[in-house]
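Asks: How does the following fold in three dimensions:
(4 chains)
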There are 2 protein chains.
Amino acid sequence: MHGRSGHRYCDRAETNASDCSAQSTRSKPIAIVSRPNFSRFAETTLSNADQVARTIGEQILAGIYPAGEKLPSEAEMLARFGVSRTVLREAFKTLTAKGLIVSRTRVGTTVLDSAHWNFFDADILAWKVAQGFDAAFVRDLAAIRMAIEPAAAEAAAKHATETDIALMRSCLGRMAQATGSASDFAGADLDFHKAIGHASGNVLMRSLAAVIETALLASFRLSSPVQEAQVHDESVRGHARIVDAIEAGDRAAAGQAMRDIITHGFDRLERATAKRARKPR
Amino acid sequence: MHGRSGHRYCDRAETNASDCSAQSTRSKPIAIVSRPNFSRFAETTLSNADQVARTIGEQILAGIYPAGEKLPSEAEMLARFGVSRTVLREAFKTLTAKGLIVSRTRVGTTVLDSAHWNFFDADILAWKVAQGFDAAFVRDLAAIRMAIEPAAAEAAAKHATETDIALMRSCLGRMAQATGSASDFAGADLDFHKAIGHASGNVLMRSLAAVIETALLASFRLSSPVQEAQVHDESVRGHARIVDAIEAGDRAAAGQAMRDIITHGFDRLERATAKRARKPR
DNA sequence: TTGCAACAAATAATCATACAATTATAAGGA
DNA sequence: TCCTTATAATTGTATGATTATTTGTTGCAA
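Replies: Numbers count the residues shown, from 1 in each chain, chains lettered A, B, ... in the order given. Next comes the predicted model:
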């Protein structure tokens, strides 16, 4: 690892540092990583550039850098993060690719308006969800699912192959067996929905489904869905109805079954959110 | 597929670099083409790194580098493009951010499966469209629109403000007056749909609508819409029905009117595509 | 004053090179 | 055969210098 005695991140700019103090007052300080590569046992070892990108990205999404404002110059950021220019520029490139910022010579890098950034990006959604959980966003996400996933199920009823069906039933089995672990159940659930997106035969729906499920995965981390046995069985049966309809080629039934599942899950999630709002942390 | 197959880039070492890559005599970057620019700030010339990213991105979308395969090593790419390692790595970062590739130390950078890459990204859509329009993609796009836009219209029927309505009517007026110029009509048409996305009050739908319209803008280049007066009037009336339903708060009618418009446009586009396929240049 | 052209400065973009970290693969030993 | 260790290949990071481009400013002339 880096033997370099580097002062990383903002332990030098302590003097003016209004930005630094602002970020340290955030409830979750976004893990200003002081030692990038100590994580031998972490499952995903993010590169240095990715960590910087995530940090700045979350700050932008949090509104710490308002739209239209200019980010600090490269030199300033270098001092702040204590990384090389290579890393910083690659982080900027990542953010640029996601539509958060734009850099021009002599003028600096400016934060784009929120209308421009693409929420259908797994990272951006994850960063957004990591900030906390506003009910409006959950509602919006549910509305999108309500529009897309029934359509995907209907398309799957037309185009699903035997392999697709088998994959869905496999996910169904995992869901049924995951009586103990909530995360196992969630994983199988998401894989199920992704499988339907794949079975739709529509590359755009696949892409969209993947992103949506990624966002859900992140949101599940915040509100781990409760698992009473009755709710569990009901959920599994509901999902099974989807597969049955798809296998039978019954488009209308597949779409309706999917709608039922989504409203069901949304209600559950909304209750969890409300409960969480009542007793924070 | 669409006539322009063949090697558009020097993917062999035999070709000299002068025709497709930047010379190391930094006098001039790769290509100064002012190609249709979908980025947020239209008239910025693409940076060197962006051009490399576009080149590789289009090749990946074209299937020149199949999913699961490894891209040539950095050294190979450096020789091929004749740029510095900095710009190549920034180009890779861009592609990574969009979900096209993933790089790991010692193993190389591999092309991800198409399920991973984010089609709801303006650049990726643009790259995809630049290859020509295959019928399957047009169908997929229509299916997505058919799922999203009616839902957006229904939501708009609930949430649209007077300002939203006024904006839609303004677009309607522009469409009605654009009897001569096809591009004027297309622009007004797209603004109309974007306005509906905005009026839905759903930030995700706004984002999605913006991306979809970007793709449509490209597709309109293939089927210049509405030349005949009768079709023109019909289209304007159809759009007007959407606004009327939204203003009346009639969700079902709004959704249905939107569905009518989409199927209408799709039929037109499909005919154009078929015609184009019959006489390929 | 106004307009225009040349110049200066600031900043991101690019280049070049060196070193570090990671890991597939080969080599060697139990 | 299996495990451990060394090697080499490849991406990741660091650093300083150079180039391009935009913006502000100054100077000159109409």
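Asks: and the stretch 101-250 of chain A, which residues reach DNA strand D?
Replies: With CB under 7 Å from any atom of the strand as the criterion, the stretch 101-250 of chain A meets DNA strand D at residues A:104, A:105, A:106, A:107. Using the backbone N, CA and C atoms, a C-beta is placed for each residue, glycine as well.
Asks: sec struct for the third one, please.
Replies: Right, residue A:106. coil (DSSP: H, G, I helix; E, B strand; the rest coil).
Asks: For burial, what's the neighbour tally of it?
Replies: 4 (other CB atoms under 10 Å in any protein chain shown).
Asks: Now the phi/psi pair for it, please.
Replies: Backbone geometry at residue A:106, expressed as degrees, to the nearest 10, gives phi 70, psi -20.
Asks: As PDB, could you dump the C-alpha coordinates of the helix or strand where residue A:56 lies?
Replies: When elements are assigned from DSSP states H and E, residue A:56 belongs to helix A:48-61. Extracted in PDB, the C-alpha atoms of helix A:48-61 (Å, rounded to 0.1, in the frame of the first residue of the first chain):
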ATOM      1  CA  ASN A  48      -8.800   5.400  -5.700                       C
ATOM      2  CA  ALA A  49     -10.300   7.300  -8.600                       C
ATOM      3  CA  ASP A  50     -13.700   5.600  -8.000                       C
ATOM      4  CA  GLN A  51     -13.600   6.600  -4.400                       C
ATOM      5  CA  VAL A  52     -12.900  10.200  -5.200                       C
ATOM      6  CA  ALA A  53     -15.700  10.100  -7.800                       C
ATOM      7  CA  ARG A  54     -18.100   8.700  -5.400                       C
ATOM      8  CA  THR A  55     -17.200  11.300  -2.800                       C
ATOM      9  CA  ILE A  56     -17.600  14.300  -5.100                       C
ATOM     10  CA  GLY A  57     -20.700  12.700  -6.700                       C
ATOM     11  CA  GLU A  58     -22.500  12.300  -3.500                       C
ATOM     12  CA  GLN A  59     -21.600  15.800  -2.500                       C
ATOM     13  CA  ILE A  60     -23.100  17.100  -5.700                       C
ATOM     14  CA  LEU A  61     -26.200  15.000  -5.300                       C
END
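Asks: Okay, helices next: where are they in the stretch 151-281 of chain A?
Replies: A:162-177, A:182-199, A:203-222, A:229-248, A:251-278 (DSSP state H, counting those that start in this stretch).
Asks: Surely residue A:172 touches residue A:235?
Replies: No - applying CB atoms under 8 Å as the test, residue A:172 and residue A:235 come out as separate, 10.5 Å apart.
Asks: which neighbours do those two share?
Replies: Overlap of the contact sets of residue A:172 and residue A:235 (by CB atoms under 8 Å, 6 or more residues apart in numbering or on different chains) is empty.
Asks: quick one, what contacts the nearest residue to residue A:145 once chain neighbours are set aside?
Replies: In space, and not counting its chain neighbours, residue A:145 is closest to residue A:262: 5.3 Å by CB to CB, 6 or more residues apart in numbering or on different chains. Contacts here follow CB under 8 Å, 6+ apart; on that basis residue A:262 touches A:142, A:145, A:146, A:149, A:150.
Asks: which two from those residues end up farthest apart in space?
Replies: A:142 and A:150 (12.4 Å; CB to CB).
Asks: Between these two, which has more neighbouring residues?
Replies: Under the criterion of other CB under 10 Å, the comparison of residue A:142 against residue A:150 puts residue A:150 first, with 24 against 19.
Asks: residues in contact with that one?
Replies: Per CB under 8 Å, 6+ apart, neighbours of residue A:150: A:254, A:255, A:256, A:258, A:259, A:262, B:147.
Asks: Which parts of the stretch 1-150 of chain A are helices?
Replies: Under DSSP H, counting those that start in this stretch, the stretch 1-150 of chain A gives helices at A:18-24, A:48-61, A:74-81, A:85-97, A:122-130, A:135-159.
Asks: for the ones you listed, which one sits closest to residue A:244?
Replies: Using CB to CB, the nearest of the helices of the stretch 1-150 of chain A to residue A:244 is helix A:135-159, at 10.4 Å.
Asks: tilt between that closest one and helix B:203-220?
Replies: Interaxial angle of helix A:135-159 relative to helix B:203-220 (axes from the mean of the first three to the mean of the last three CA atoms, to 10 degrees): 50 degrees.
Asks: mind listing what's buried in helix A:135-159?
Replies: A:137-157 (16 or more other CB atoms under 10 Å in any protein chain shown).
Asks: before we move on, what about stretch A:80-92?
Replies: Those would be A:80, A:81, A:82, A:83, A:87, A:88, A:89, A:90, A:91, A:92, for stretch A:80-92 by 16+ other CB under 10 Å.
Asks: Check whether it comes near DNA strand D.
Replies: Yes - with CB under 7 Å from any atom of the strand as the criterion, DNA strand D is reached by stretch A:80-92 at A:83, A:84, A:85, A:86, A:87, A:90.
Asks: gap between the fourth one and residue B:94?
Replies: Meaning residue A:86. Separation of residue A:86 from residue B:94 (CB to CB, to the nearest Å): 15 Å.
Asks: re earlier: rebuild the contacts of residue A:150 as JSON lines, extending it with pLDDT.
Replies: Formatted as JSON lines, the contacts of residue A:150 follow (pLDDT from 0 to 100):
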{"residue": "A:254", "pLDDT": "98"}
{"residue": "A:255", "pLDDT": "97"}
{"residue": "A:256", "pLDDT": "97"}
{"residue": "A:258", "pLDDT": "97"}
{"residue": "A:259", "pLDDT": "96"}
{"residue": "A:262", "pLDDT": "92"}
{"residue": "B:147", "pLDDT": "96"}
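Asks: near DNA strand C too, which of those?
Replies: Answer for the contacts of residue A:150 near DNA strand C: none qualify (CB under 7 Å from any atom of the strand).
Asks: Nice, that's everything, thank you.
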